[in-house]
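Student: Provide a 3D model corresponding to the input given below.
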Amino acid sequence: MDQTKRQLTLLFVCTGNTCRSPMAQTIARTLLEEQGRKGIQVLSAGTFAWKESPASLQARQVMLAQGLNLEDHRATTITEAQLQQADIILTMTQNQKELLLEMATDDTTRAKIFTLREFTGDSGDIADPFGQDETVYYQCYKELQASIANAINRIQM
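Tutor: Model prediction:
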């Protein structure tokens, strides 16, 4: 095996980087670890994040109930450099995808941007649970888990 092989970077993007994308990041990292897959770096960012905001309380509670930890997460806003450096960029909604397509400065970057569901061959958005109760966050978690499992299976390394 070539030890110089570059790591693949998977970037999840939502709006505030306090609910869906950090949940997606943690789910993806966990699934990759469970599958023994190495060489994939998983990151998250938001289109309009309040820098250094923690994950929402409900997101932390739902993830903790699944044995996953978001306590150390701090929100970051997406940058053009992150778009260029990522190999696959998955948004939660079509609107977020369109915003990133406008932000991207070249066709190579634009070609890496998909909605999560589009990447897996499905359609529709992952609804934002922000400000709702844990039941809605749990439903979001289940949707993310299913879509991310499919997405990871599509990534060949």
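Student: Might you list the low-confidence residue ranges for this protein?
Tutor: For the chain, the stretches with pLDDT under 70 are 1-5, 157.
Student: And the helices in it, which stretches?
Tutor: 20-34, 57-65, 80-85, 94-103, 107-110, 116-119, 134-154 (DSSP state H).
Student: Mean neighbour count for those - can I get that in TSV?
Tutor: From N, CA and C alone the C-beta is placed, and that goes for glycine too. Listed next are those as TSV, based on neighbours: other C-beta atoms under 10 Å:
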stretch	mean neighbour count
helix 20-34	23
helix 57-65	18
helix 80-85	14
helix 94-103	17
helix 107-110	12
helix 116-119	21
helix 134-154	18
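Student: I'd like those helices written out as TSV, with distance to Glu71 added.
Tutor: Output for the helices of the chain, formatted as TSV (distance: least, C-beta to C-beta, whole Å):
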stretch	distance to Glu71
helix 20-34	11
helix 57-65	6
helix 80-85	23
helix 94-103	25
helix 107-110	32
helix 116-119	24
helix 134-154	16
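Student: Quick one: closest of those helices to Gln7.
Tutor: Taking C-beta to C-beta, helix 80-85 is the member of the helices of the chain nearest to Gln7, at 10.6 Å.
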